[in-house]
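Engineer: Below is the sequence, then the predicted model.
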Amino acid sequence: MRKLPVVAILVLLAACTKSKEESSIALPAECHQFLDKYFSAWKSKDVGTLQALSFYLSPEERSAFPEGSLELWRESKNKLVTENFQRVTSEFGDFRDYKVVSMKTTTVSAQDQPAANMVGAGVHTELVCKAKFSKRHDARVGLHLVKGTEGSQYTVAAWNFQAVP
């Protein structure tokens, strides 16, 4: 039996690891498009787009705001998105790339009480992504996406960035 040189073993190991890294779960086209837009905004440091894509409010929630307070809410959430972007960029560096590693979608109808009261009616998609940054190379990004109806656009309702050990 002929022994493989160490270099050949390392090349085979790297190839196996690379193909495992590149594998990703199948995403619905609209979810994939949203994530590309969201992470493109991270990459280009477009905080305005991140603000526009973040924080879902159902029509019922919007109508419950007292006169003039919806604008205060928008200002507050935009400030939070900006602070989050600055914190993540400071800790992890510039965004490079992402890969979705898990996804779970649930539809919550208005009749599903108390779930509809807690998270809002609509399509809820929980994603875990592996993201690459310039400083701390790998991070786990948890995203909770919401869209009010099947045909509406996704919005980021919640996020979480964690360093991968």
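Structural biologist: Everything's here; your move.
Engineer: what about the strands in this protein?
Structural biologist: Ranges of strands within the chain are 95-108, 122-133, 138-147, 155-163, based on DSSP state E.
Engineer: Just checking: what are the partner strands of the second one?
Structural biologist: This means strand 122-133. Here strand 122-133 is paired, per DSSP bridges, with strand 95-108 (antiparallel), strand 138-147 (antiparallel).
Engineer: low pLDDT regions in this protein?
Structural biologist: Applying pLDDT under 70 to the chain flags the ranges 1-24, 56, 58-59, 110-121.
Engineer: Mind naming the longest helix for it?
Structural biologist: Secondary structure of the chain per DSSP state H: the longest helix is helix 69-92.
Engineer: Report the contact partners of residue 74.
Structural biologist: By CB atoms under 8 Å, 6 or more residues apart in numbering, no residues touch residue 74. In short, each C-beta sits where N, CA and C put it, glycine included.
Engineer: before we move on, what about residue 128?
Structural biologist: Taking CB under 8 Å, 6+ apart, we find residue 128 in contact with 100-103, 140-143.
Engineer: ok, of the residues you listed, which come out buried?
Structural biologist: Buried subset of the contacts of residue 128 (neighbour count, 16 or more other CB atoms under 10 Å): 100, 103, 141, 143.
Engineer: List the beta-bridge partners for the residue nearest in space to the middle of the chain.
Structural biologist: Closest to where the C-alpha atoms of the chain average out (CA atoms, centre = their mean) is residue 143, at 3.8 Å. Residue 143 forms beta bridges with residue 127, residue 159, as assigned by DSSP bridges.
Engineer: My guess is it contacts residue 159. True?
Structural biologist: Yes: between residue 143 and residue 159 there is a contact under CB atoms under 8 Å: 5.4 Å.
Engineer: so how far is residue 93 from residue 48?
Structural biologist: As judged by CB to CB, to the nearest Å, residue 48 and residue 93 stand 21 Å apart.
Engineer: more neighbours, the two?
Structural biologist: Neighbours of residue 48 and residue 93, each counted by other CB atoms under 10 Å, are more numerous for residue 93; the result is 15 against 11.
Engineer: Could you tell me how many residues sit around residue 132?
Structural biologist: By other CB under 10 Å, neighbour count at residue 132 equals 17.
Engineer: which non-adjacent residue is nearest it?
Structural biologist: residue 96 (4.1 Å; CB to CB, 6 or more residues apart in numbering).
Engineer: what residues are up against that neighbour?
Structural biologist: By CB under 8 Å, 6+ apart, residue 96 lies in contact with 43, 131-134.
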